[in-house]
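Participant: Next input, structure requested:
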Amino acid sequence: MNKKSLGTNSFKRRFIVIFGVTILISVLAVTAVFLKLYRLSKDSILSKWDKHTYSIANEMNYYLKLPMDAVAFSAVSLDYMLSYQLPHSAVLSYLKQQTDIYGSLIKDNSTGVYAYYDGEYLDGSGWIPPYSYIPLLRPWYIDAKMAGGEIALTEPYFDAETSVLMLSVSKVLSDNRSVVSMDVSLEGLKDMIEENAASEAVRELFVMTNEGFVVAHSNQVKTGKNFYNDADEFDIKLLENFRSNKDGVFSIKYRKNRYTSFSKPVINNWNVILVLNDSELNRPLYRMYVSFAGVVLLVLCIVIFVFFFLQKKYSESELLSRDIKAVADIYVAVVRINLLNGDMKVVRGSKNLDYALGGSFKNYGGRILNFVDVIASENYASIVTEFMEPLTLEARLSKVKTVSLEYIDREGKWMRLRYFVIDRTQTGELHHVMVAFENIDEDRRQQEALKRLSETDAMTGIHNRGSGEQKIRKAMLEGKHGMFCLIDVDKFKSINDNYGHKAGDEALKAIAASLNNVFRESDIVFRLGGDEFAAFAEGVTTHEIGERILNRVFEYLENVEIPALQDRKVTISVGAAFYPKSNIDSFDAVYQRADEGTYESKKHDGNFFTFIE
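Facilitator: Numbers count the residues shown, from 1 in each chain. Prediction:
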């Protein structure tokens with residue numbers, strides 16, 4: 001063998017080794033990619049089923065919430081009747097009326113509203129109980145009493161006549177003796193279970209109470225059983241994992257098969273549990289990836305290049321999708337509007353928006369009042385109507401890209417309505433705009449809470465000096481007249497020295513409470529600091545009324561009992577002045593007059609007031 005042949009064989013061997021290593025690395029890379037895609041796809045499928053379970057739970061919540069709201073509403077009316085001692089005939093008439101109303105709303109879900117009212121059973125559906133029927137011994141009455149004023153749901157039961165699984169929703173009234181209730185059919189839950197258990201991947205789907213009672217099951221034989229007392233081997237294993245699981249997702253192995261289960265809470269501590277057969281769940285993935293792997297192996301070199309390119313684009317797309325979703329999640333609903341023809345396109349929908357559109361996406365400008373009627377509270381209807389008017393958008397968006405308005409919706413929540421410019425025509429006219437609805441209720445409430453906190457005296461709970469003076473100055477600038485008082489605690493240092501600072505704090509709280517009880521809600525009561533308080537009573541402009549108010553403050557203080565002070569009473573000295581004294585009167589001037597009055601009152605025994613003209 002010559003040197004040339006040796007060199008060629010050596011090259012071939014190197015080539016084969018390099019090629020083999022390249023193939024091995026490529027196969028390992030492709031395998032790793034396949035495994036990653038498989039896991040992502042599997043996680044995506046599980047996420048879909050998790051959301052599906054959540055959707056089922058929400059649907060059941062809505063199903064049960066409607067009769068609960070009906071009972072709560074009826075309880076309010078019956079409490080009103082109790083307070084006025086209306087006769088049983090009036091109550092029975094009301095129950096019949098409510099039964100007719102809820103019969104149309106809840107349809108075949110309810111048998112009507114009934115009550116044990118002031119010692120008598122009254123039924124809105126006209127049912128007359130037998131002589132042996134004792135309301136006070138029925139579960140709906142007992143559970144309502146035990147719930148202490150909250151809505152109570154009884155353990156589900158089978159109706160003796162229809163064999164339909166039922167549930168009683170009840171609430172005790174203000175006399176803690178009368179109870180209003182409604183019987184609800186759970187056939188709707190059974191229909192939901194059957195509808196959502198149609199997939200081959202679903203082994204079991206059921207809703208169960210905390211006590212183990214199966215309200216509805218995809219296997220109808222198990223409906224009505226108590227799994228804690230009567231369950232097969234699989235269900236026992238399932239319940240063991242359910243009780244020990246806190247995340248709502250768990251996996252079990254049974255007879256060489258694996259199952260993935262999802263659980264979501266439902267009203268009244270019920271749970272809906274979905275059990276999936278992993279082999280059926282992942283079968284499409286197996287087939288898809290095995291077929292794809294065969295194709296990939298045939299065109300390995302090309303696929304490697306394409307894959308890395310697509311992987312990069314996929315990552316970028318995924319990141320962009322998450323970014324867009326993160327921004328979009330801020331808004332409750334988003335609509336794209338063509339201002340030239342009034343056409344609309346829903347980018348992000350909501351229940352209220354779908355209701356307002358009613359399936360029609362035309363004539364945006366002509367339907368503003370319809371939108372406002374759905375989205376805005378009565379007090380904000382006119383301002384929201386004016387803001388949504390498309391004819392004025394050109395002027396409002398001439399120099400800016402967006403305009404917004406904050407308002408309160410029909411549920412009492414703060415919302416922000418915003419217009420965005422998308423594009424304009426070649427001549428510069430607005431063409432497309434986006435209108436978006438953002439829920440800012442939590443932010444507004446936090447801001448209001450912080451504002452209240454900054455304006456409140458921490459010890460007494462009334463206004464502090466800064467907010468109190470600001471409110472009085474504002475009232476005076478608005479031309480309001482009234483009586484201004486300065487209140488000083490008599491011998492407060494003596495209280496702290498002899499009885500302790502805790503007793504002194506109790507004295508200050510008692511004075512604040514007395515002032516709050518006497519002065520009106522529209523009046524301004526605040527603590528200046530230390531043992532000094534002030535008040536402004538709007539509209540009080542005569543000595544007679546002013547003296548009457550201050551004497552009532554003294555009476556309240558006389559009746560205050562502070563155990564830490566033993567027999568000692570808390571007394572105050574008050575200086576009062578009326579505003580305005582003249583056309584050039586001011587807050588500082590009336591404050592000075594009241595201060596002089598306090599100084600004069602200090603010369604007398606406790607609970608004394610002096611008016612300075």
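
Participant: Find the nearest non-adjacent residue to residue 605, please.
Facilitator: residue 571 (7.7 Å; C-beta to C-beta, 6 or more residues apart in numbering). The C-beta positions use only the backbone N, C-alpha and C, and glycine is treated the same way.

Participant: List the residues that contact the one you found.
Facilitator: Residue 571 is in contact with 489, 490, 557, 605, 606, 607, counting by C-beta atoms under 8 Å, 6 or more residues apart in numbering.

Participant: So the fourth one versus residue 543, what's the distance?
Facilitator: When you say that, I think you mean residue 605. 21 Å (C-beta to C-beta, to the nearest Å).

Participant: go on, the fifth one?
Facilitator: With the distance defined as C-beta to C-beta, residue 606 ends up 21 Å from residue 543.

Participant: quick one: which of those two has more around it?
Facilitator: residue 606 (16 against 13; other C-beta atoms under 10 Å).

Participant: If I look at the more buried one, what pLDDT would I see?
Facilitator: With respect to pLDDT, residue 606 scores 85.

Participant: That one falls within a helix, correct?
Facilitator: No: using DSSP: H, G, I helix; E, B strand; the rest coil, the secondary structure at residue 606 is coil, not a helix.

Participant: Give me the phi and psi for it.
Facilitator: Backbone geometry at residue 606, expressed as degrees, to the nearest 10, gives phi -60, psi 160.

Participant: same question, residue 605
Facilitator: Per degrees, to the nearest 10, the backbone of residue 605 is at phi -60, psi 170.

Participant: again, but for residue 375
Facilitator: phi -100, psi -20.

Participant: got any ranges where the protein has weak pLDDT?
Facilitator: 1-16, 19, 30, 106-109, 289, 292-293, 296-297, 299-301, 303-329 (pLDDT under 70).

Participant: need the longest helix for it.
Facilitator: helix 3-83 (DSSP state H).

Participant: any idea whether the nearest residue to residue 136 once chain neighbours are set aside is helix, strand or coil?
Facilitator: Nearest non-adjacent residue to residue 136, counting by C-beta to C-beta, 6+ apart: residue 116, 7.2 Å away. Assigned with three-state DSSP, residue 116 falls in the strand class.

Participant: what do you get for residue 286?
Facilitator: Classification of residue 286 by three-state DSSP places it in helix.

Participant: again, but for residue 265
Facilitator: Quick answer, by three-state DSSP: residue 265 is strand.

Participant: Please report how far it lies from residue 46.
Facilitator: 19 Å.

Participant: Also residue 557?
Facilitator: 67 Å.

Participant: With residue 519 instead?
Facilitator: For residue 519, the distance to residue 46 - C-beta to C-beta - is 62 Å.

Participant: neighbour-wise, which of these two wins?
Facilitator: residue 519 (21 against 17).

Participant: and the more buried one, what is it in contact with?
Facilitator: Residues in contact with residue 519, defined by C-beta under 8 Å, 6+ apart, are 525, 535, 537, 549.

Participant: how about it, phi and psi?
Facilitator: Main-chain torsions, residue 519, degrees, to the nearest 10: phi -70, psi 150.

Participant: Can you report how many residues lie near residue 474?
Facilitator: Residue 474: 11 neighbours (other C-beta under 10 Å).

Participant: so how far is residue 461 from it?
Facilitator: 21 Å.

Participant: mind checking the SS state of the closest residue in space to residue 330 that isn't next to it in sequence?
Facilitator: Distances taken as C-beta to C-beta, 6+ apart put residue 438 closest to residue 330, at 5.8 Å, once the chain neighbours are dropped. Following three-state DSSP, we place residue 438 in the strand state.

Participant: so who does residue 438 touch?
Facilitator: Contacts of residue 438 by C-beta under 8 Å, 6+ apart are 330, 331, 332, 415, 416, 417, 418.

Participant: From residue 517, how far off is it?
Facilitator: Taken as C-beta to C-beta, the span from residue 438 to residue 517 is 42 Å.

Participant: Residue 504: neighbouring residues, count only.
Facilitator: Residues near residue 504, counting by other C-beta under 10 Å: 23.

Participant: Quick check: it vs residue 516, distance?
Facilitator: As judged by C-beta to C-beta, residue 504 and residue 516 stand 19 Å apart.

Participant: Same check on residue 101?
Facilitator: With distances taken as C-beta to C-beta, residue 101 is found 42 Å from residue 516.

Participant: now residue 527
Facilitator: When residue 527 is compared with residue 516 (using C-beta to C-beta), they lie 11 Å apart.

Participant: Tell me which of the two has more neighbours.
Facilitator: When neighbours are counted by other C-beta under 10 Å, residue 527 and residue 516 differ, and residue 527 comes out ahead with 25 against 17.

Participant: Now that one: closest residue in space, sequence neighbours ignored.
Facilitator: Sequence neighbours aside, residue 457 is the residue nearest to residue 527 in space, at 4.4 Å (criterion: C-beta to C-beta, 6+ apart).

Participant: right, and that neighbour touches residue 505 too?
Facilitator: No: with contact defined as C-beta atoms under 8 Å, residue 457 does not reach residue 505; the gap is 11.7 Å.

Participant: which of those two has more neighbours?
Facilitator: Legend: neighbour count by other C-beta under 10 Å for residue 457 and residue 505, higher for residue 457 (20 against 15).

Participant: Just the strands from the stretch 301-450 of the chain, written as ranges.
Facilitator: Here the stretch 301-450 of the chain has its strands, by DSSP state E, counting those that start in this stretch, at 331-338, 344-348, 402-408, 414-424, 430-439.

Participant: Show me what counts as buried in the fourth one.
Facilitator: Read it as strand 414-424. By neighbour count with 16 or more other C-beta atoms under 10 Å, strand 414-424 contains the buried residues 414, 415, 416, 417, 418, 419, 420, 421.

Participant: what do you get for the third one?
Facilitator: Using 16+ other C-beta under 10 Å as the test for burial, strand 402-408 gives 403, 405, 407, 408.

Participant: Now do the same contact list for residue 585.
Facilitator: Contacts for residue 585 (C-beta under 8 Å, 6+ apart) come out as residue 579.

Participant: swap the cut-off to 10 Å and go again
Facilitator: 476, 577, 578, 579, 593 (C-beta atoms under 10 Å, 6 or more residues apart in numbering).

Participant: So what does the residue lying closest to the fourth one once chain neighbours are set aside have for phi and psi?
Facilitator: The shortest distance from residue 579 to any residue that is not its chain neighbour, by C-beta to C-beta, 6+ apart, is 4.6 Å, and that residue is residue 590. As for residue 590, its main-chain torsions (degrees, to the nearest 10) stand at phi -70, psi -30.

Participant: Please report how far residue 590 lies from residue 406.
Facilitator: Per C-beta to C-beta, residue 590 is found 37 Å from residue 406.

Participant: Throw the contacts of residue 571 into a markdown table and include distance to residue 184, thanks.
Facilitator: Formatted as a markdown table, those follow (distance: C-beta to C-beta, whole Å):
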| residue | distance to residue 184 |
| --- | --- |
| 489 | 59 |
| 490 | 64 |
| 557 | 55 |
| 605 | 68 |
| 606 | 63 |
| 607 | 61 |
